[in-house]
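> Just the structure for this:
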Amino acid sequence: MSSTPNTSLLRLRLTAAAERYVRSGHPWVYSDSVTELNREGDIGDLAAIYDKKDKFLALGLYDPTSPIRMRVLHSGKPIKVSEEWWRERLLKAFQVRQTHFGSETNGFRWISGENDGFPGLVLDRYDHTLVLKLYSAIWLPRLRQIVGWLQDHFEPSAIVLRLSRNIQAIAAERWNEQEGCIVGDTLNTVEFLENGIHFEAEVIQGQKTGFYLDQRDNRARVEQLAADRDVLNVFSFSGGFSLYAARGGARSVTDLDISKHALESARRNFALNPWAANVPHEQIAGDAFEWLANGPRRQFDLIVCDPPSLARREADRAGAIRAYHTLATSCLNRLRPGGVLVAASCSAHVSEEEFFGAAFDAADRTSPHVELWRAAHAVDHPVTFPEANYLKCLALRLSRA
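The predicted structure follows:
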């Protein structure tokens, strides 16, 4: 079987319902939506969708091994896909980011998948290191071409490849591609700046691409709430919210996480910022649900609760909603009068209405409160279709009475 995509255009026809989705701008075509093919398609083949009147609808990349059979690159009028077209699309995403970030931030998302016209592909920058993560096999035949473009335009010191678990086997077997540094050389841990704060990212072995860049704007919001408060960071990971709270003038900061590795990373991040030594910083290694419910009856003025995804599948949704309610209740019970809860969810299968509803119901049962703000992804994580809208964040302040 060839390792490069077929150069002859694959032509698809879809069900009427799927056509409507494509016309509306949705970037995914599922396998059960395809009614006709002009030939057998292979991974990464360029494919065009035509309606029943043989009118062009969209162009995309095809994958016969995935439930998402085609990921749309372009819809509307026919276009010619060329080297120049790809490069222009790449540079457009970069130019948008240049308007958002200056010298104080050199860690951000340069390509956000479908939302930047590269479905199933993410590119994050950590100073001079780029981390390219593929969530779909459609990019594997073009991987070295993409890497070449990145080298031509940005001359990074290193490019690290990360692969979604579902494509690791085929990447190794067919394209001989594995996770790790594919350009240059780098350590697993790379230092970068975010709003003037120094952080490390575990670019080869860490979660996602090494850091949770999508919460940048919400971390900055927490900084504005932290002055003279005792802060608890639940599911603290590498201490992002904690460092922002410390810079915001927190009286003390406490990390709570079950992972000792994550807590060690947070300690290193605090050490990277000498000014943070002036803020008492405590760490608790333990299960967040258990500690909040049954741990020492300590009270705080600001609690950030940002758990990992609690609903990785649709079947997990109902349980996740209950868990969010439990967490919100436990956190609210540990707040002093006038305290603030910042609660977040990164579960795409739980809607904004469901997550915010769970938090408000918990608050209604606990104490009079006011909503301070609602927020979502950082500015470099745009949302152009419903499934991309996964991050929800809410701040509630309890009554002082």
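> Could you use CA atoms for every contact and neighbour count after this?
Fine.
> Help me confirm that Glu194 comes into contact with Phe101.
No - counting by CA atoms under 8 Å, Glu194 sits too far from Phe101 to count as a contact (9.5 Å).
> Look at these two and report which has more neighbours.
Neighbour totals were compared for Glu194 and Phe101, and Glu194 leads with 19 against 16 (other CA atoms under 10 Å).
> how close does Leu243 sit to Ala220?
10 Å (CA to CA, to the nearest Å).
> likewise Glu40?
50 Å.
> Neighbour count for those two, which is higher?
In terms of neighbours (other CA under 10 Å), Ala220 is the more surrounded of Glu40 and Ala220; the figures are 18 against 8.
> Am I right that that one is in contact with Ser242?
No - using CA under 8 Å, Ala220 is not in contact with Ser242; the gap is 10.8 Å.
> what about the longest strand in this structure?
Scanning the chain for the strand with the most residues, using DSSP state E, yields strand 335-345.
> following that one, which helix or strand shows up next?
Using DSSP states H and E, the helix or strand that follows strand 335-345 in sequence is helix 352-364.
> Just want the angle from the helix or strand harbouring Glu223 to strand 335-345.
Per DSSP H and E, Glu223 falls inside helix 216-225. On the basis of axes from the mean of the first three to the mean of the last three CA atoms, to 10 degrees, helix 216-225 is oriented at 170 degrees to strand 335-345.
> Ala201: what secondary structure?
strand (DSSP: H, G, I helix; E, B strand; the rest coil).
> Now do the residue nearest to it when sequence neighbours are not counted against Thr35, distance only.
Spatially, and ignoring its direct neighbours in sequence, Ala201 is nearest to Gly210 (4.6 Å; CA to CA, 6 or more residues apart in numbering). In this view, Gly210 and Thr35 are 40 Å apart by CA to CA.
> neighbour-wise, which of these two wins?
The neighbour comparison of Gly210 against Thr35 (other CA under 10 Å) goes to Gly210, with 20 against 11.
> Helices of the stretch 1-150 of the chain, start to end?
Assigned by DSSP state H, counting those that start in this stretch, the helices in the stretch 1-150 of the chain fall at 16-23, 83-98, 143-154.
> what sits up against stretch 385-401?
25-27, 115, 218, 337-349, 351-352, 355-356, 367-377, 383 (CA atoms under 8 Å, 6 or more residues apart in numbering).
> Could you pull out the buried residues of it?
Neighbour-count burial for stretch 385-401 flags Ala388, Asn389, Tyr390, Leu391, Lys392, Cys393, Leu394, Ala395, Leu396, Arg397, Leu398 (criterion: 16 or more other CA atoms under 10 Å).
> how about these in TSV, adding distance to Thr254 and pLDDT?
Below are the buried residues of stretch 385-401 laid out as TSV (distance: CA to CA, whole Å; pLDDT from 0 to 100):
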residue	distance to Thr254	pLDDT
Ala388	31	91
Asn389	30	91
Tyr390	27	94
Leu391	24	97
Lys392	23	97
Cys393	20	98
Leu394	20	97
Ala395	19	98
Leu396	20	97
Arg397	19	97
Leu398	20	95
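> if we can go back for a sec, can you say which of the contacts of stretch 385-401 are buried?
Buried among the contacts of stretch 385-401 (16+ other CA under 10 Å): 26-27, 115, 218, 337-349, 351-352, 355-356, 367, 369, 376-377, 383.
> Return the mean pLDDT over stretch 43-58, rounded to an integer.
Mean per-residue pLDDT for stretch 43-58: 95.
> what's the span of it, first residue to last?
18 Å.
> Please point out which parts of it sit buried.
For stretch 43-58, by 16+ other CA under 10 Å, it's Ile43, Gly44, Asp45, Leu46, Ala47, Ala48, Ile49, Tyr50, Phe56, Leu57, Ala58.
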